[in-house]
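Asks: Okay, predicted coordinates and the sequence, questions at the end:
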Amino acid sequence: MKLSIKNFGPITSGFVEDKYMEIADFTMIIGPQGSGKSTIAKALSALMWIEKALVRGDFTVKELKLPGRFRARFDFHNIKSYFSDDSMMEYIGSVYHIDYRGESKLHVERVKSDEHTSIPKIMYVPSERNFISVLPKPSMISDLPQSFAAFLDEYDKARKDLNGDLALPINDVFFSYDKLNDISWVRRRENKTRLSQAASGFQSLIPLFLVSTYLAKQYTSKKDSEDKNIRLNLGSNLGLSNEDLTRIRNEMKELLAKNPNDKGLINMVNSLLASRVPSYFINIVEEPEQNLFPDTQIRMLFALLSYRNLNEKNKLIVTTHSPYLLNAVSLAVAACNVYDNQNLSSNSRKVLESIVPKEVVIAPDQLRIYKTEEKGTISLLGNIDGIPSDENYLNDILGSFNDDFGRILEMGDE
């Protein structure tokens, strides 16, 4: 999966080192406020959704090329106004190549002809997620942004699907949901607090963690086509709406009616399921560190990485300002290299597991970290043996602080 973007919102020159940004299994975007981190994530989300809609047949390429239709798809993230006369974006996905050079210059080409084309569940986790925890009935608010409303819908599904307590990536803290009274609770040992009255860190963490956990469990690599058929017949929604399920069942019935003795029917059904039922999970998260203590930031990121690793096709895309998260990524990559060491003692392996659990590790070739600049450019963060370079914004800020502190102490000595 590749992306090129220029003259779109705060992004001007785009990626300076190559034509395309490569979207890896785990992609992190760092940079100052207003430099385009979220813009990249939202544009990518919109383009991936367009590709998914084309595969499902929600609309045709011809319909997408009608005046205003392509730009309208970016309304979901409230970034339609970011388009200008010289905006350019190019997306090379697993199925479609989409090249936009202006309102009248949209080229869309299918690059994969395999009938059994799988589609992802795409979840955009907005930074405004705290409001879900604070407001008693957020779904009753009119004119919610579409991306926020979509996340709220998944949050409600995840709460109702929850049985018992959910352990949070914080020691001895649990989340539970009282379905009868529609109350969300945070519990630490014997203390129990409504989520709406809990600390801001819980209000930020719980919606993100709950939805990510709920969706990740649905899209593990262990589910094959046969399992999906069984689950579908049992009425499991696999993250789909009732409308989607009804449409799938009706299309399957039509196939059976037309081909009652056709031995290739199973392949046809599998093809239908592949293009209708998501088989992997793309999790796009804005600022997972929001309002969290540094240790909790790292635990949260490790949880998200473990969910990415449940399915080889899953992707995790994160925007962040946090140096702790960037350093946690270094730990995950370094641990991957050490786990491969066949001569590692059992004691050392236990210590390593206590620092970075094996299900969290990420290989260097699975990682890309991009930096956005206030001048509208994007660059790739360098690495040493696959481990992110220390020469980056976030460490530079910490280094500058230490330098200033040292100078103040010297002046005090004078």
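Replies: Perfect, I can see it now.
Asks: ok, the residue nearest to I298 when sequence neighbours are not counted - contacts?
Replies: With sequence-adjacent residues excluded and distances taken as CB to CB, 6 or more residues apart in numbering, I298 is closest to A328, at 4.3 Å. C-beta here means a position set from N, CA and C on the backbone, and glycine is covered the same way. By CB atoms under 8 Å, 6 or more residues apart in numbering, the residues touching A328 are 297-298, 301-302.
Asks: what do you get if the cut-off is 7 Å, keeping everything else the same?
Replies: For A328, the contact set (CB atoms under 7 Å, 6 or more residues apart in numbering) comprises 298, 301-302.
Asks: helix or strand right after the helix or strand where A328 lies?
Replies: Secondary structure assigned from DSSP states H and E places A328 in helix 323-339. Using DSSP H and E, the next helix or strand after helix 323-339 towards the C-terminus is helix 346-355.
Asks: Using PDB, write out every CA atom in the helix holding A328.
Replies: The C-alpha trace of helix 323-339 is given here as PDB (Å, rounded to 0.1, in the frame of the first residue of the first chain):
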ATOM      1  CA  PRO A 323       8.600  10.500  22.700                       C
ATOM      2  CA  TYR A 324       7.600   7.600  25.000                       C
ATOM      3  CA  LEU A 325       5.700   5.900  22.200                       C
ATOM      4  CA  LEU A 326       8.600   6.400  19.800                       C
ATOM      5  CA  ASN A 327      10.900   4.800  22.300                       C
ATOM      6  CA  ALA A 328       8.500   2.000  22.900                       C
ATOM      7  CA  VAL A 329       8.600   1.200  19.200                       C
ATOM      8  CA  SER A 330      12.400   1.000  19.500                       C
ATOM      9  CA  LEU A 331      11.900  -1.600  22.300                       C
ATOM     10  CA  ALA A 332       9.500  -3.600  20.200                       C
ATOM     11  CA  VAL A 333      11.900  -3.700  17.200                       C
ATOM     12  CA  ALA A 334      15.000  -4.500  19.300                       C
ATOM     13  CA  ALA A 335      13.100  -7.200  21.100                       C
ATOM     14  CA  CYS A 336      12.200  -8.800  17.800                       C
ATOM     15  CA  ASN A 337      15.900  -9.100  16.900                       C
ATOM     16  CA  VAL A 338      16.700 -10.600  20.300                       C
ATOM     17  CA  TYR A 339      13.900 -13.200  20.300                       C
END
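Asks: How far away from the center of its chain is it?
Replies: 19 Å (CA atoms, centre = their mean, to the nearest Å).
Asks: the inter-axis angle of that helix versus helix 346-355?
Replies: Here helix 323-339 runs at an angle of 150 degrees relative to helix 346-355 (axes from the mean of the first three to the mean of the last three CA atoms, to 10 degrees).
Asks: please renumber so the chain begins at 31
Replies: Fine by me, first position is 31 from now on; the one you just mentioned is helix 353-369.
Asks: Buried residues of helix 353-369, list them for me.
Replies: 353-366 (16 or more other CB atoms under 10 Å).
Asks: what's near enough to touch N37?
Replies: Contact partners of N37, counting by CB under 7 Å, 6+ apart, are 114, 116-118.
Asks: at 10 Å what do you get?
Replies: 43-44, 112-119, 406 (CB atoms under 10 Å, 6 or more residues apart in numbering).
Asks: what's the answer for L355, then?
Replies: 58, 60, 317-319, 322, 324, 327-328, 330-331, 334, 348, 424.
Asks: any idea where the strands of the stretch 231-380 of the chain begin and end?
Replies: Under the criterion DSSP state E, counting those that start in this stretch, strands of the stretch 231-380 of the chain are mapped to 310-316, 345-350.
Asks: Please render these as CSV that adds mean neighbour count, distance to M78 and mean pLDDT to the earlier fields.
Replies: Supplementary listing: the strands of the stretch 231-380 of the chain in CSV, determined by neighbours: other CB atoms under 10 Å; distance: least, CB to CB, whole Å; pLDDT from 0 to 100:
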stretch, mean neighbour count, distance to M78, mean pLDDT
strand 310-316, 23, 7, 96
strand 345-350, 24, 9, 97
